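# would you be able to build a 3D model of this:
(one chain, ligands or ions: 1)
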Amino acid sequence: MQNFVITGGNRLSGEINLQGSKNSALPIMAGAFLVSGECVLKSCPVLTDVYSASRILNRLGCKCRLSSGEAVIDSSGASSFEIPDELMREMRSSIMFMGAILGRMGECIVSIPGGCELGSRPIDMHLASMQKMGVEISDINGKIHCRIPSGRAHGTKISLSFPSVGTTENIILCAVTAKGETIINNAAREPEICDLCNFLRCCGAEIKGDGESRIVINGVEKLHGCEYTIMPDRIVCATYIAMTAATGGEMIIKNACISETEPFISVIEQTGCGIYLADNRIYVRKGARLRALKDRIRTMPYPGFPTDTQAILMSALITADGTSVFEENIFDCRYRHTDAFVKMGADIQVMGKVAVVRGVPEIHGADIEATDLRGGAAMVIAALSAEGTTHLSNIYHIDRGYEKFEEAVSSLGGKIRRE
Ligand code: EPZ
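Here you go, the predicted structure:
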């Protein structure tokens with residue numbers, strides 16, 4: 001098991017070139033399974049979750065090669081429709097292959113996916129949606145066996161009770177080669193959904209309305225290969241903004257996705273952190289001590305404040321002037337990072353979905369454990385702003401979403417090493 005050793009106190013300054021989005025890359029890699037040809041994915045981040053997706057593709061009979069910043073996927077030899085348990089458990093996005101495998105093979109065997117522990121993360125909406133498209137689902141020895149008797153899913157109208165990101169993606173992946181028209185009402189509107197649809201359109205799919213609550217998909221017989229550039233990662237972008245806000249200094253984030261990061265930017269600006277936007281660059285500058293936020297920070301589906309940036313924003317507000325109140329509305333257990341912050345000297349009280357953060361003048365280093373991907377990244381930010389040295393364990397969580405994290409932080413002047 002690897003750890004980060006971080007010594008805080010340095011102001012971070014410099015430039016960062018933003019990596020491609022993990023939460024786009026994973027469903028897009030699943031989408032490449034639908035194509036009986038070669039897809040070249042540019043700006044594909046090099047992450048453990050991307051390696052997991054690559055292992056799934058290879059196991060299904062495809063050829064997936066990852067090199068720096070590029071994934072080349074040839075699915076012409078697809079031969080299997082079963083994902084073994086150990087690969088399903090590596091990440092939540094393994095479930096995204098269900099829609100794609102059904103779309104291509106008419107049958108699939110999967111199991112409950114892994115991923116960050118953020119409370120209960122059922123897949124009931126995924127399964128119910130597949131059933132509406134003509135998929136028969138049974139439990140065989142603890143595995144989920146999905147089968148389309150006619151071999152091809154059919155279009156239908158699906159109204160989601162909640163705009164689930166993964167469910168929306170799974171329906172799209174199954175519907176693009178289904179027979180007829182599929183309509184998704186109350187669809188998720190996250191930018192990564194649009195990125196998946198843009199990729200699928202490049203492959204010949206007919207999709208309208210992505211980015212809005214009603215998505216209409218007209219199934220086509222076949223998809224063809226393409227070259228596609230994955231969008232920049234808006235959550236990693238928010239991470240570097242919060243890092244500057246917490247440690248002081250100045251940062252230029254290049255290749256940034258400004259409008260997609262807007263829900264985070266508009267909140268952090270209220271803390272007094274200076275943000276200047278130009279073309280696809282974000283310039284961040286922190287001067288005086290941050291101010292606590294007057295309004296409650298409520299996590300919501302896009303375009304609301306993203307749950308994935310809740311811990312990240314909190315890491316910057318631990319030492320702000322005044323009290324900030326968070327309300328986590330997407331996951332029922334997404335405050336596990338707060339124990340580590342308290343160990344570092346933060347004053348935080350959690351009551352159900354609410355966390356009250358009373359700003360303290362400073363925090364100190366401690367021995368702490370990363371609890372999940374974004375919580376772990378938030379702990380790195382806190383450690384960089386703390387007095388003294390922090391030993392952070394379980395950093396495999398962070399490696400799932402941040403490309404060459406310690407190299408990037410070191411290049412900005414942060415003291416961090418992996419051991
Ligand atoms: C995606 O997860 C992201 N993951 C998450 O990012 C992100 O936090 C989340 O969307 C919300 O924005 C990827 O894109 C790979 P959901 P997903 O389905 O698709 C409940 C990160 O750090 N639900 O929108 O799993 C669910 O329990 C990760 O990069 C059901 O009840 O999110 C949750 O409470 C963490 N039944 C809520 O919906 C279902 O069948 C939102 O989940 C599906 C979901």
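# please count neighbours and contacts with C-alpha atoms only from this point.
OK.
# and the protein, which of its residues are near the ligand?
Where proximity means CA under 6 Å from any ligand atom, the interface of the chain facing the ligand comprises 23, 93, 120-126, 164-167, 307-308, 330-331, 373-374.
# just the buried residues of those.
Buried residues within the residues of the chain next to the ligand, counting neighbours by 16 or more other CA atoms under 10 Å: 23, 93, 125-126, 164-167, 307-308, 330, 373-374.
# what's the lowest-pLDDT member of those?
Summarising pLDDT for those: the lowest-scoring member is Ser93, with 87.
# what's near enough to touch Asp399?
Neighbouring residues of Asp399 by CA atoms under 8 Å, 6 or more residues apart in numbering: Leu47, Thr48, Leu373, Phe405.
# for it, give its distance to the ligand.
Asp399 sits 11 Å away from the ligand, going by CA to the nearest ligand atom, to the nearest Å.
# can you check Gly225 too?
Counting by CA to the nearest ligand atom, the gap from Gly225 to the ligand is 23 Å.
# just give me the neighbour total for that residue.
For Gly225, the tally of surrounding residues (other CA atoms under 10 Å) stands at 22.
# sec struct for it, please.
coil (DSSP: H, G, I helix; E, B strand; the rest coil).
# cool, and the one 10 residues further on?
What three-state DSSP gives for Ile235 is helix.
# so it touches Ala311, yeah?
No. Contact between Ile235 and Ala311 fails when scored by CA atoms under 8 Å: they sit 11.2 Å apart.
# domain map for the chain?
With domains defined by automatic domain parsing, the chain comprises 4-18+232-418, 22-229.
# and Gly37, what's its pLDDT?
Model confidence at Gly37, expressed as pLDDT, equals 90.
# what's the neighbour count on it?
18.
# repeat for Cys108
The criterion is other CA under 10 Å. On that basis, Cys108 has 23 neighbouring residues.
# partners of it in the sheet?
Each beta-bridge partner of Cys108 is listed here: Cys146, as defined by DSSP bridges.
# cool, and Ile217?
Counting by DSSP bridges, the residues bridging with Ile217 are Thr182, Ile207.
# can I assume it is in contact with Leu173?
No. Applying CA under 8 Å as the test, Ile217 and Leu173 come out as separate, 9.9 Å apart.
# how about the contacts made by Ser120?
Taking CA under 8 Å, 6+ apart, we find Ser120 in contact with Phe331, Asp332, Cys333.
# phi, psi of the last one?
To tie it back to what came earlier, the one meant is Cys333. Per-residue torsions, Cys333: phi -150, psi 60 (degrees, to the nearest 10).
# how about the first one?
With angles defined as degrees, to the nearest 10, Phe331 shows backbone torsions of phi -120, psi 150.
# for the residue located most distally from the centre of the chain, what are phi and psi?
In the chain, the greatest distance from the average C-alpha position (CA atoms, centre = their mean) is reached by Ser150, at 34.4 Å. Dihedral pair for Ser150: phi -80, psi -10, per degrees, to the nearest 10.
# same deal with Arg11?
Listed backbone geometry of Arg11 is phi -80, psi 140, with angles given as degrees, to the nearest 10.
# make JSON lines out of the contacts of Ser120 and add pLDDT and distance to Gly69.
Rendered in JSON lines, the data for the contacts of Ser120 read as follows (pLDDT from 0 to 100; distance: CA to CA, whole Å):
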{"residue": "Phe331", "pLDDT": "94", "distance to Gly69": "31"}
{"residue": "Asp332", "pLDDT": "90", "distance to Gly69": "34"}
{"residue": "Cys333", "pLDDT": "88", "distance to Gly69": "33"}
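# hmm, Ser138 and Gln131 touching each other?
No. With the criterion set as CA under 8 Å, Gln131 and Ser138 do not qualify as a contacting pair; they are 10.8 Å apart.
# between the two, which one's more packed in?
With neighbours defined as other CA under 10 Å, Gln131 and Ser138 compare such that Gln131 has more, 16 against 13.
# what residues are up against that one?
For Gln131, the residues meeting the contact criterion (CA under 8 Å, 6+ apart) are Ile137.
# just the pLDDT at it, thanks.
The pLDDT attached to Gln131 in the predicted structure is 97.
# just want the residue of the stretch 201-350 of the chain that's nearest the ligand.
Proximity of the stretch 201-350 of the chain to the ligand (CA to the nearest ligand atom) peaks at Phe331, 4.3 Å away.
# what pLDDT does the residue farthest from the centre of the chain get?
pLDDT recorded at Ser150 is 93.
# list the contacts for the closest residue to Pro306 other than its chain neighbours?
Setting aside the residues directly before and after it, Pro306 is nearest to Thr299 in space (CA to CA, 6 or more residues apart in numbering), at 5.5 Å. With contacts taken as CA under 8 Å, 6+ apart, Thr299 has the following neighbours: Phe305, Pro306, Thr307, Gln310, Glu327, Glu328, Asn329, Ile330.
# tabulate those residues (JSON lines), appending secondary structure.
Putting those into JSON lines (three-state DSSP) gives the following:
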{"residue": "Phe305", "secondary structure": "strand"}
{"residue": "Pro306", "secondary structure": "coil"}
{"residue": "Thr307", "secondary structure": "helix"}
{"residue": "Gln310", "secondary structure": "helix"}
{"residue": "Glu327", "secondary structure": "strand"}
{"residue": "Glu328", "secondary structure": "coil"}
{"residue": "Asn329", "secondary structure": "coil"}
{"residue": "Ile330", "secondary structure": "coil"}
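# and which of those is nearest to Cys202?
Ranked by distance to Cys202 (CA to CA), those are led by Pro306 at 27.8 Å.
# so the closest one sits right up against Ile265, yeah?
No. In terms of CA under 8 Å, Pro306 does not count as a neighbour of Ile265; the distance is 11.0 Å.
# understood, closing this out.
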